[in-house]
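Colleague: pasting the sequence and the predicted model now:
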Amino acid sequence: MQVSNSPRPEGRAYNTAYSEWLHRYHVHDIDKSVRACLLKCMAEWPAIEEWRALPENRRLNHPTTVWRKFNARARTSASRRQRNAARALDELDQSTARLEELEQELQDARSQNEPAMDIDQLVDALVEIISSGTERARLVAALRRLQSALRTAGISLVLERGDA
């Protein structure tokens, strides 16, 4: 473009100067599409050299083949990155929603500040367990812990029937 004094790569002056350049450097007989791929490869030279360092890419040397395979790898990597990013965003959305649910549950639990059972309900539940006869061993162990805690608090509780 400097030689032809044209601002863009088009026009008669540019075409003449480019044709002279092709002949001067003996590249006029290279196919136009191969030359175009060669120019694209030159624009991406550092990345292509890094890519060609891989053993499976060392044998590639034709500009069209190099550009086609390099470009296909870049497109595949880009689409894979897009899929991974979309998957990560979905997981983030799900995690954020679950976190909000858990925070709401925690806030609800803190705001209630009521025991799940009052003392009368607790006694009724213990009486029901005693009368049904199920989980007797757990009940005896729980009563022993209660007796120990009451003793620590200075309250005396005597369990009968020899289970204590």
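Modeller: Structure's in. What do you need? None of the values given here were measured: they were computed from a predicted structure. Numbering: from 1, shown residues only.
Colleague: C-alpha coordinates for the helix or strand of the chain with the lowest mean pLDDT, CSV please?
Modeller: Confidence across the helices and strands of the chain bottoms out at helix 119-132, with a mean of 76, counting by mean pLDDT, DSSP states H and E. Presented in CSV, the C-alpha positions along helix 119-132 are these (Å, rounded to 0.1, in the frame of the first residue of the first chain):
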residue,chain,number,x,y,z
ILE,A,119,-42.4,-29.3,78.5
ASP,A,120,-45.9,-30.8,78.6
GLN,A,121,-45.7,-32.0,75.0
LEU,A,122,-42.3,-33.5,75.8
VAL,A,123,-43.7,-35.4,78.9
ASP,A,124,-46.7,-36.6,76.8
ALA,A,125,-44.3,-37.9,74.1
LEU,A,126,-42.2,-39.7,76.8
VAL,A,127,-45.3,-41.2,78.3
GLU,A,128,-46.4,-42.5,74.9
ILE,A,129,-43.0,-44.1,74.3
ILE,A,130,-43.1,-45.7,77.8
SER,A,131,-46.6,-47.1,77.3
SER,A,132,-45.9,-48.4,73.8
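Colleague: against which helices or strands is it packed?
Modeller: Other elements packing on helix 119-132 under the criterion 3 or more Cβ pairs under 8 Å, 6 or more residues apart in numbering; DSSP states H and E are helix 136-152. The C-beta positions use only the backbone N, C-alpha and C, and glycine is treated the same way.
Colleague: now the helix it packs on: mean pLDDT?
Modeller: Averaged across helix 136-152, pLDDT comes to 79.
Colleague: got it, and stretch 46-58?
Modeller: 88.
Colleague: how far does it stretch from one end to the other?
Modeller: Stretch 46-58 has an end-to-end distance of 15 Å (criterion: Cα to Cα, to the nearest Å).
Colleague: can you name the residues in contact with it?
Modeller: Under the contact criterion Cβ atoms under 8 Å, 6 or more residues apart in numbering, stretch 46-58 has outside partners 41, 60, 66, 69-70, 73.
Colleague: count of neighbours near residue 63?
Modeller: For residue 63, the neighbour count with other Cβ atoms under 10 Å is 20.
Colleague: ok, it touching residue 37?
Modeller: Yes: here residue 63 reaches residue 37: they are 4.2 Å apart, a contact under Cβ atoms under 8 Å.
Colleague: show me where the protein has helices.
Modeller: 12-24, 32-43, 45-52, 63-112, 119-132, 136-152 (DSSP state H).
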